[in-house]
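**Student:** here you go, sequence then predicted model.
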Amino acid sequence: MKRRDFIAGLGGVAAWPLVARAQQTALPVVGFLGGQSREAARESIEAFHRGLAETGYVEGRNVAIEYRWADGQTDRMPALAAELVRLRMAVIAAVGTTPGALALKAATQTIPIAFVIGPDPVAVGLVESLNRPGGNLTGATNNNVEVIAKRLELLHELVPSARSVAVLVNPNNAPATSAESGELQAAARVLRLDLLTLNASTGAEIDAAFATLAGQRVGALLVSGESFFVAQADQVIALAARHAVPAIYGSRSFVRSGGLMSYGMDTRDAERQAGVYVGRILKGEKPADLPVQQATRIELAINMKTAKALGLTFPITLLGRADQVIE
């Protein structure tokens, strides 16, 4: 276990010496609240660091970073957010976690916060508007909710014979789940599909959800883009393979790990933008004056090995639109 991870696991009491040392050396201390595990968020951290570097900040050189990880457990967010606020961070970044951003907003009205979330930040109550956020929060949205209907269309294009599609969601992330559900129900009516909602917020509940899926004989699966499932990606991918169900995900990281297909925004740019905003805030700019950025690059990724194992053939129309094809 890495030393920083060990310190983070001990909580606020153990973290105080690290923060104190940073303050003694006049380094600003930034909080980083992640919805996944540190390992699952490796690329997110790299993108965040790139954004910081664009504004002249490098961890360990002229800025210190205190990391806290929810490991996909949404119910940990209020405590983790409160801990970072108690440590009096100069800025806090909430990356890939709507519940984390909401918990931070509830915990402080003074410490600047830069977020990266999937839903519309106005709709979930984080900011007043995209152009003029107001308050102490700003950041970037990867528009994950807005593309979820298209995700269902692509799944239907691949498996047109499937009239019933299961949707795996995390009920503990109510803002994102509610927004996703509305988009999917509207798309399902147009496509004349029946949706089976499967709730899971723990590893055991994921197992139970797939057992229900098998019993219902659904033809395909759509996995929510919520960070809990990113943290549990290996389990979800393995179960989809075991039950031989075609599945689509929100991030190409699933496809690289053996998932069949993904469609979603390039979240790395949104995470980089959060780093840029943290740097600009450290230089004196106010969150209220920094417009919320919106990711615009959408990626379609396909794993041909997984398709072959499932006995599926991708239509040429899908292959031609893919940004990444794993042979």
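**Tutor:** Yes, it's here.
**Student:** name the helices or strands packed onto the helix or strand where Glu180 lies?
**Tutor:** If you go by DSSP states H and E, Glu180 is part of helix 174-191. Applying 3 or more C-beta pairs under 8 Å, 6 or more residues apart in numbering; DSSP states H and E, we find helix 174-191 packed against helix 98-107, helix 148-158, strand 164-169, strand 194-199. Every residue, glycine included, has its C-beta placed from N, CA and C.
**Student:** which of these sits most buried?
**Tutor:** helix 98-107 (a mean of 25; mean count of other C-beta atoms under 10 Å).
**Student:** for the next helix-or-strand element following that helix, give me every contacting residue.
**Tutor:** Where DSSP H and E defines the elements, the next helix or strand beyond helix 98-107 is strand 113-117. Contacts to strand 113-117, defined as C-beta atoms under 8 Å, 6 or more residues apart in numbering, come from residues 91-98, 100-101, 104-105, 121, 124, 126, 136-142, 176, 267, 270-271, 273-274, 277-278, 281, 287.
**Student:** which residues does the residue lying closest to Thr55 once chain neighbours are set aside contact?
**Tutor:** With sequence-adjacent residues excluded and distances taken as C-beta to C-beta, 6 or more residues apart in numbering, Thr55 is closest to Gly279, at 2.7 Å. Gly279 sits next to Gly51, Leu52, Glu54, Thr55, Gly56, Tyr57 when contact means C-beta under 8 Å, 6+ apart.
**Student:** do you know the pLDDT at Gly279?
**Tutor:** With respect to pLDDT, Gly279 scores 98.
**Student:** nearest to Val218, out of the helices and strands packed on helix 174-191?
**Tutor:** Comparing the helices and strands packed on helix 174-191 against Val218 with C-beta to C-beta, the closest turns out to be strand 164-169 (4.4 Å).
**Student:** I'd like to know which elements that closest one is packed against.
**Tutor:** Partner elements for strand 164-169 (3+ C-beta pairs under 8 Å, 6+ apart): helix 148-158, helix 174-191, strand 194-199, helix 203-216, strand 220-223.
**Student:** export these as CSV, with columns for distance to Arg42 and mean pLDDT.
**Tutor:** Listed next are these as CSV, based on distance: least, C-beta to C-beta, whole Å; pLDDT from 0 to 100:
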stretch, distance to Arg42, mean pLDDT
helix 148-158, 24, 94
helix 174-191, 22, 87
strand 194-199, 28, 95
helix 203-216, 21, 94
strand 220-223, 20, 96
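**Student:** nearest to Gly35, out of the ones you listed?
**Tutor:** That would be helix 174-191 among these, by C-beta to C-beta, at 10.5 Å.
**Student:** list the buried ones in that closest one?
**Tutor:** Residues Pro175, Ala176, Thr177, Ala179, Glu180, Ser181, Glu183, Leu184, Ala187, Ala188, Leu191 are the ones in helix 174-191 that count as buried (16 or more other C-beta atoms under 10 Å).
**Student:** name the nearest residue to the last one, sequence neighbours excluded.
**Tutor:** Beyond its immediate neighbours in the sequence, the residue positioned closest to Leu191 (C-beta to C-beta, 6+ apart) is His156, lying 5.2 Å away.
**Student:** list the contacts for the one you found?
**Tutor:** Contacts of His156 by C-beta under 8 Å, 6+ apart are Ala162, Val165, Leu191, Leu193, Ala220.
**Student:** can you name the two of the residues you listed that sit furthest apart?
**Tutor:** Farthest pair in those, by C-beta to C-beta: Leu191 and Ala220, 11.5 Å.
**Student:** ok, now which ones touch the residue positioned nearest the centre of the chain?
**Tutor:** The centre of the chain sits closest to Gly96, judged by C-alpha atoms, centre = their mean, with a distance of 3.6 Å. Neighbour list for Gly96: Gly34, Gly35, Gln36, Ala41, Ser44, Val116, Ile117, Ser227, Val230, Thr267, Glu271 [criterion: C-beta under 8 Å, 6+ apart].
**Student:** for the host helix or strand of the last one, C-alpha coordinates in CSV please.
**Tutor:** Under DSSP H and E, the secondary-structure element containing Glu271 is helix 267-282. Taking Å, rounded to 0.1, in the frame of the first residue of the first chain, the C-alpha atoms of helix 267-282 are listed here in CSV:
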residue,chain,number,x,y,z
THR,A,267,-14.1,12.5,-19.6
ARG,A,268,-10.3,13.1,-19.7
ASP,A,269,-10.9,16.6,-21.1
ALA,A,270,-13.4,17.5,-18.4
GLU,A,271,-11.0,16.2,-15.7
ARG,A,272,-8.2,18.3,-17.3
GLN,A,273,-10.5,21.3,-17.2
ALA,A,274,-11.1,20.8,-13.5
GLY,A,275,-7.3,20.9,-13.0
VAL,A,276,-7.1,24.1,-15.0
TYR,A,277,-9.9,25.7,-12.9
VAL,A,278,-8.2,24.7,-9.6
GLY,A,279,-5.0,26.4,-10.8
ARG,A,280,-6.9,29.5,-11.9
ILE,A,281,-8.6,29.7,-8.5
LEU,A,282,-5.3,29.3,-6.7
